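Enquirer: can you look at this prediction? I've put the sequence above it.
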Amino acid sequence: QSDPRIQTMIGFSLRQLGHVDAAMAYYTAALSANSGLTNTRQYLGEAFLQIGDPAKAKEQLALIKSRCGVACDDYQALLEEIARFEKRAG
């Protein structure tokens with residue numbers, strides 16, 4: 001469980017089950033071990049959206065952009081989720 005990729009997937013699973021706080025702890029641990037994991041940042045950004053904090057989601061988006069650019073899948077996926085969130089928020 002110390003592998004950051006496994007921590008990311010545990011966090012993802014917890015978040016999907018509605019345990020966002022627990023998921024955040026796994027995402028944080030994964031990023032502490034490897035800050036370059038853009039998929040972890042994507043999932044963390046989605047978690048921030050789930051708790052209603054789009055500003056922090058956008059911070060993750062910017063960090064993804066700095067690591068893999070705007071064309072990478074993780075950037076595009078989080079960008080779409082942010083757009084959906086903002087549309088719902090009106």
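Expert: Great, that's in hand.

Enquirer: give me the residues contacting the helix or strand containing residue 39.
Expert: Element membership of residue 39, judged by DSSP states H and E, is helix 38-50. For helix 38-50, the surrounding residues in contact (C-beta atoms under 8 Å, 6 or more residues apart in numbering) are 4, 7-8, 11-12, 15, 20, 23-24, 27-28, 30-31, 34, 54, 56-61, 63-64, 67-68, 72, 74-75, 77-78, 81-82, 85. For glycine as for every other residue, the C-beta is placed from the backbone atoms N, C-alpha and C.

Enquirer: in strands only, show me these.
Expert: Members of those lying in strands (criterion: DSSP state E): none.

Enquirer: could you export the helix holding residue 39 as PDB, CA atoms only?
Expert: These are the backbone C-alpha positions of helix 38-50, laid out as PDB (Å, rounded to 0.1, in the frame of the first residue of the first chain):
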ATOM      1  CA  THR A  38      -1.000  13.800 -12.900                       C
ATOM      2  CA  ASN A  39      -3.700  11.200 -12.600                       C
ATOM      3  CA  THR A  40      -3.600  11.600  -8.800                       C
ATOM      4  CA  ARG A  41      -3.900  15.400  -9.300                       C
ATOM      5  CA  GLN A  42      -6.900  14.900 -11.600                       C
ATOM      6  CA  TYR A  43      -8.600  12.700  -9.000                       C
ATOM      7  CA  LEU A  44      -7.700  15.200  -6.200                       C
ATOM      8  CA  GLY A  45      -9.200  18.000  -8.300                       C
ATOM      9  CA  GLU A  46     -12.400  16.000  -8.800                       C
ATOM     10  CA  ALA A  47     -12.500  15.400  -5.000                       C
ATOM     11  CA  PHE A  48     -12.200  19.200  -4.500                       C
ATOM     12  CA  LEU A  49     -15.200  19.600  -6.800                       C
ATOM     13  CA  GLN A  50     -17.200  17.100  -4.800                       C
END
